[in-house]
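Undergrad: Next one to model:
(2 chains)
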Amino acid sequence: RKEVEQDPGPFNVPEGATVAFNCTYSNSASQSFFWYRQDCRKEPKLLMSVYSSGNEDGRFTAQLNRASQYISLLIRDSKLSDSATYLCVVFDMDTGRRALTFGSGTRLQVQP
Amino acid sequence: ETGVTQTPRHLVMGMTNKKSLKCEQHLGHNAMYWYKQSAKKPLELMFVYNFKEQTENNSVPSRFSPECPNSSHLFLHLHTLQPEDSALYLCASSWSGSTGELFFGEGSRLTVL
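TA: Predicted coordinates for the structure are as follows:
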């Protein structure tokens, strides 16, 4: 079983649409959660952290459900510039290692 | 000047060649990382250095040899690689003890013939 699992997509949506991505993680002791964004042929960059109470940053809303080991990212009013791969990332510190584990990513294509 | 710089950006090498990838960070961080990104696979952590000391080797084959001479520089020495080692190699840095934000370089795209 993959440690961090995401639907690879692609999600093709029109400009202005609302789109949601989900991610599940296997380690119930995972401590911190993040969404990174990776543009085509570029490096990953932190988009936002994910907090238990849910958090919002402009058009982006992240949610965490620890009981279900599930993380989500909601993008409202999609822009062409949102087209990218969104990586779900989990931080673990329970097995003697401190490291981020990345999902394979969900590709979003926003169309005019 | 970008925070994390990697050279070369592209590298093609034969299986018997020896080459090195270089990473330099200008962010004052004290932890550096090598990740491998293959097509349609998640980023795989290879090595972690904290304060120049290797703190993690994620079962990486010995044909990959890291070197961290100081907190700002990280190398990945490559020797007798296999075609399946072709991938994007990403360097990252962070504060030691950071629980989330890594700053990545643009990567070195390696092709092994």
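
Undergrad: now B:Gly105: how far from chain A?
TA: 6 Å (C-beta to the nearest C-beta, to the nearest Å). C-betas here are computed from N, CA, C, even on glycine.

Undergrad: what number of residues lie near that residue?
TA: 24 (other C-beta atoms under 10 Å in any protein chain shown).

Undergrad: Which residues of chain B lie near chain A?
TA: When proximity is defined as C-beta under 8 Å from any C-beta of the partner chain, chain B approaches chain A at B:40-43, B:45, B:48, B:56, B:90, B:97, B:99-102, B:104-107.

Undergrad: Quick one, which of those residues are buried?
TA: Among these, the ones that count as buried by 16 or more other C-beta atoms under 10 Å in any protein chain shown are B:42-43, B:45, B:48, B:56, B:90, B:100, B:102, B:104-107.

Undergrad: quick one: which of those residues sit in strands?
TA: Judged by DSSP state E, those include B:45, B:48, B:56, B:90, B:104 as members of strands.

Undergrad: Could you count how many residues lie near the closest residue to the first one other than its chain neighbours?
TA: The shortest distance from B:Leu45 to any non-neighbouring residue, by C-beta to C-beta, 6 or more residues apart in numbering or on different chains, is to B:Asn58 (5.0 Å). If you count neighbours by other C-beta under 10 Å, B:Asn58 ends up with 14.

Undergrad: Would you enumerate the residues in contact with B:Asn58?
TA: Applying C-beta atoms under 8 Å, 6 or more residues apart in numbering or on different chains, we find B:Asn58 in contact with B:44-47.
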